[in-house]
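> sharing a model prediction with you, sequence too.
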Number of protein chains: 2
Amino acid sequence: MLYLVGLGLADETDITVKGLEVVRRAERVYLEAYTSILLVDKAKLVSPQSLSGLDLALTVLTVSQESFYGREVIIADRELVESGSDDILQGAQEKDVAFLVVGDPFGATTHTDLVLRARELSIPVRSIANASILNAIGATGLQLYNFGQTVSMVFFTDTWRPSSFYDRIKENASIGLHTLVLVDIKVKEQSYEDMARGRKVYQPPRYMTVAQCASQMLEIEEERKEGVYASDSLAIGAARVGSTEQKLACGTLEELAQADLGPPLHSLVLLGKRAHDLERDYIRAFAINPDTFDASWKMYYNS
Amino acid sequence: MLYLVGLGLADETDITVKGLEVVRRAERVYLEAYTSILLVDKAKLVSPQSLSGLDLALTVLTVSQESFYGREVIIADRELVESGSDDILQGAQEKDVAFLVVGDPFGATTHTDLVLRARELSIPVRSIANASILNAIGATGLQLYNFGQTVSMVFFTDTWRPSSFYDRIKENASIGLHTLVLVDIKVKEQSYEDMARGRKVYQPPRYMTVAQCASQMLEIEEERKEGVYASDSLAIGAARVGSTEQKLACGTLEELAQADLGPPLHSLVLLGKRAHDLERDYIRAFAINPDTFDASWKMYYNS
C-alpha cells in the first residue's frame, strides 16, 4: 500500500493520530521536500543559524520529526519524486510505504502523478487528509464558500513578470469572489551560472512576503489598467497560518505593500466585492488602520 | 483560552496529535453536534440499529470518541451554540475550553460567531486546523486550484425548490471552473405538526445522496434552460471522503442520478470546462461507463 499522509501546516504535532500510526508501521517513510518551507534542505533546517530568521514552530522537519515519529525519514526532493518514483514505490504491492506531504496530499499536481504510477504498478493507494492552506485560510474569518480559484504569484525578475494571475483574479472579481494568492518559494534553486557550469550549488531559500506580493499586484494593475483592483482595495495578509505564531493583517494593498508580517510562510487574500458584514466584523480586528479599512469597505464591498 | 479543534472527516483518529493534547488537558470539551453526520444525536449513534445503515468508520462520536479522548464530551446542539455561547465560554478567560468541530473549525459561519463573542469577553482564541471537505475533495484527483465557489443543495419540497445554486454554478461555469456541491443534512428536524404543538420530537436524520443531488440539478436546468450544464455533463460523486470506505464515481449527471454510492456523507463535483488531461487520466479510473465518459469529455472539456 502507498499511503499519502498529510502533515498539516505548522509543526510535527499537526499530523493526525491515524497518520502517525501509518508512519510508525510503514516499511519506508519519505518526506516530500520541495514544495513547502517546512521541507527545506535537511542540513539547513537543523543548523541554528539558518533558523534564526525562521520560526521554530514552523519547522516540521528532520530532527524533531524523526524523533517524534520514531522513524528514519527519507528526504524526497523533486528529482526523486519526478524521476525516481519507482524507487519510492518499490515493493509497495506487499509492504506499506508512507509518503509524507506538508499540508494535504492533494495540494499539488505531482502527487497525482505518483498515484497514477502506483495504479500502473497495481499498488493500492490510500490518503490521510489534513489541513491545507486552501482551507486553513478560513482562519482569516473570510468564508471559504466565497472563494474563487486560487492563484500563484512568482518572484518577478527584470525579464519575467508573468501576469496570468491578473486574468484569474479578474474572473473571480467579476463574480464578487475572494482570491487566495499563494506566494512563491524558491528552495534548492541554482544560479544560471552554476547551472551552466553543472555545479550542484544551490541558492539560499527565498520566501515571498505579503508586501512583495501586494507590490507586484499593484505593479501589474498599473501596467494593465483594467481596474481589477486598486491601491485601496482590501486584502488580508496571513503569515504562518496554523502555527502559534500566526499573524493576520488586513489593509489596503498599498498598506500591505509596506507591512512586515515577519517570517514565512505568507499568503494573501484579495477581498471579493460580495464580502458580507459578518466577514467585516471578523477581519476589522486585524485592520492595519481602521479608518482606511472603513473607507475602503464603504466604497467597494457588500454593495 | 477557547480552542477550536478540527476533527477531520472520518473517525476519531483523524484528530491531530496537537488537537488531542488540547482535548486531554482542557477544562471542558464540547462537540458541535448539528452540522455534520458524525455528530448526530448521541443516543442514536450508539444504538446498533441506527448504525446498521451507516458506516461505522464514519462515526467519530460519543462512545468511541470519549474513550479515545479519555474525556467526557458535552454535546453542543444548535440551540446551545447559537443561544448559549456564554455557557460554553464561561471561565475561558482563565481556563481552557475545547470546542470540537468535524472537519475544520472554519467551515461554517456559526463558529465565526463564537469567536466574535469570545473576543467581546476578552477570551483568547486558538484554532487547530484539520482537513475539511473543501480540501479533502482533492482526493477526486481534480485540482483544488481550479474550483470556483462552493454551493449547497437542499432537499426540495413541493413548495420550496431554491435554485440559487444554479446561478452560482453558472458563474463558475462561465470561467471554466469546477463546482463543489455540498448536500443537505437534516439532523434533529421537527415536523411542522410537532413544531406547532411544541413537541420536542425529532424526525429521523436524512442525508442527501449524490443521486438526489444530480436529479435536482437536472430538474432545475430543465426549468431554467440556460444551458449551464446538461444531462451528459460530467461530475464526480464522492462518498465518505477520507474514510477507508471512500467511494468515487465519475459519470454524466444522468448516470449519477441513478448511481448508488452507499451510506452518507455524499458530495458532488461538477466539472468545469477547463478540466485538463491530467485530471482526466486520474478520474477516468472511476468512470461509471468509460464510453460515455470519453464521449462527454471530447464534447465539452479541455477545449
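That came through, no problem. Numbers count the residues shown, from 1 in each chain, chains lettered A, B, ... in the order given.

> for the stretch 101-250 of chain A, which segments count as strands?
Secondary structure of the stretch 101-250 of chain A (DSSP state E, counting those that start in this stretch): strands at A:125-128, A:151-153, A:179-183, A:185-186, A:206-207, A:234-239, A:247-252.

> which of those strands sits closest to chain B?
Closest to chain B of these is strand A:125-128 (CB to the nearest CB; 5.8 Å). All C-beta atoms are positioned from the backbone trio N, CA, C, and that covers glycine.

> other SSEs contacting the closest one?
Counting contacts by 3 or more CB pairs under 8 Å, 6 or more residues apart in numbering or on different chains; DSSP states H and E, strand A:125-128 packs against strand A:2-6, helix A:17-25, helix A:109-120.

> any chance of the ones you listed in JSON lines, plus distance to residue B:278?
Shown next, in JSON lines, are those (distance: least, CB to CB, whole Å):
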{"stretch": "strand A:2-6", "distance to residue B:278": "16"}
{"stretch": "helix A:17-25", "distance to residue B:278": "25"}
{"stretch": "helix A:109-120", "distance to residue B:278": "6"}
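
> winner for burial among these?
strand A:2-6 (a mean of 26; mean count of other CB atoms under 10 Å in any protein chain shown).

> average pLDDT for stretch A:176-185?
The average pLDDT within stretch A:176-185 is 94.

> any low-confidence regions in the stretch 151-300 of chain A?
Across the stretch 151-300 of chain A, residues meeting the criterion (pLDDT under 70) sit at A:188.

> please, where are all the helices along it?
Taking DSSP state H, counting those that start in this stretch as the criterion, the stretch 151-300 of chain A contains helices spanning A:164-174, A:192-196, A:210-224, A:253-256, A:277-283, A:290-300.

> how far off centre is stretch A:197-208?
Here stretch A:197-208 is found 20 Å from its chain centre; the criterion is CA atoms, centre = their mean, to the nearest Å.

> so residue A:269 versus chain B, what's the distance?
13 Å (CB to the nearest CB, to the nearest Å).

> same check on residue A:10?
From residue A:10 over to chain B the distance is 8 Å, taken as CB to the nearest CB.

> mind checking what secondary structure that residue has?
coil (DSSP: H, G, I helix; E, B strand; the rest coil).

> give me the neighbour count for it.
Residue A:10: 27 surrounding residues under other CB atoms under 10 Å in any protein chain shown.

> with adjacent residues omitted, what lies nearest to it?
Among residues not flanking residue A:10 along the chain, residue A:243 sits closest, at 3.8 Å (CB to CB, 6 or more residues apart in numbering or on different chains).

> that neighbour: neighbour count?
Here the number of neighbours of residue A:243 (other CB under 10 Å) works out to 19.

> cool, and residue A:131?
Going by other CB under 10 Å, the residues that sit close to residue A:131 add up to 35.

> just give the closest residue to it, not the sequence neighbours.
That would be residue B:129: by CB to CB, 6+ apart, it lies 3.6 Å from residue A:131.

> one more: residue A:201?
Nearest residue to residue A:201, sequence neighbours excluded (CB to CB, 6+ apart): residue A:194, at 4.7 Å.

> helices along the stretch 1-150 of chain A, start to end?
Going by DSSP H, counting those that start in this stretch, the stretch 1-150 of chain A shows helices at A:17-25, A:42-46, A:48-52, A:62-69, A:78-83, A:85-89, A:109-120, A:133-136.
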